[in-house]
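In: need a 3D model of the following:
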Amino acid sequence: MKMAARKTTTRKTTTAKTATPIDTVKEVAAGALNTAAETAESAVEEVKKTATKAASSARKTAADAKDTVEKKATAAKKTVKKVVKKEEPTVTATVEFYGRSVLVSDIIAKATDAYKASHADAEITTLNVYIKPEENAAYYVVNGEGSADFKVEL
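Out: Numbering: from 1, shown residues only. Predicted coordinates:
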């Protein structure tokens, strides 16, 4: 009888390689380096966000300041115009003749009233008054139109 051949298997055993202190330091250093890099990247991102917000805020503040300055400059210009605008002096003119005194403004009012009485719907754009004390009268021309009838007594 023949005997069956027996299979023999050999097992390979692996022995765990023990890390040397240098390898351990390298691994720890690599991990610390990765952590530091990640921390630095997140810090850079945070700084970028903060800088963007600050720049945006600065632009808005500058625009608001510009608007305020323009408004105040416009108001100052208006105030200066009001101050510069001189008021016309009050003028009173009087004609004296033969012991009488007549205000020119009264003569103008009489001429205007006389014209409006005879020309109710006409508009007066120009009025020229000619005073003749020796005749005790004033003649007027309205809108370039004159007549011997355009006369008022002083």
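In: low pLDDT regions in the protein?
Out: Scanning the chain for pLDDT under 70 picks out the ranges 1-19, 82-85.
In: within its sheet, name the partner strands of the longest strand that the chain contains and how each one runs.
Out: For the chain, the strand with the greatest residue count under DSSP state E is strand 145-153. Strand 145-153 has the following strand partners under DSSP bridges: strand 137-142 (antiparallel).
In: buried ones in the partner strand?
Out: 138-142 (16 or more other CB atoms under 10 Å). Quick note: C-beta positions are derived from backbone N, CA and C, even for glycine.
In: show me what the longest strand of the chain is in contact with.
Out: Residues outside strand 145-153 that contact it (CB atoms under 8 Å, 6 or more residues apart in numbering) are 107, 110-111, 114-115, 118, 136-142.
In: turn those residues into JSON lines, columns for distance to Thr39.
Out: Converted to JSON lines, the contacts of strand 145-153 look like this (distance: CB to CB, whole Å):
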{"residue": "Ile107", "distance to Thr39": "98"}
{"residue": "Lys110", "distance to Thr39": "99"}
{"residue": "Ala111", "distance to Thr39": "97"}
{"residue": "Ala114", "distance to Thr39": "100"}
{"residue": "Tyr115", "distance to Thr39": "96"}
{"residue": "Ser118", "distance to Thr39": "101"}
{"residue": "Asn136", "distance to Thr39": "109"}
{"residue": "Ala137", "distance to Thr39": "106"}
{"residue": "Ala138", "distance to Thr39": "101"}
{"residue": "Tyr139", "distance to Thr39": "103"}
{"residue": "Tyr140", "distance to Thr39": "98"}
{"residue": "Val141", "distance to Thr39": "97"}
{"residue": "Val142", "distance to Thr39": "95"}
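In: which among those gets closest to Asp67?
Out: Taking CB to CB as the measure, Asp67 lies nearest Val142 of the contacts of strand 145-153, at 52.5 Å.
In: skipping its backbone neighbours, what lies nearest that closest one in space?
Out: Closest residue in space to Val142, ignoring its immediate chain neighbours: Tyr115 at 5.1 Å, by CB to CB, 6 or more residues apart in numbering.
In: the helix or strand hosting that neighbour packs against which elements?
Out: Counting by DSSP states H and E, the element that carries Tyr115 is helix 104-118. For helix 104-118, the packing partners by 3 or more CB pairs under 8 Å, 6 or more residues apart in numbering; DSSP states H and E come out as strand 94-97, strand 127-132, strand 137-142, strand 145-153.
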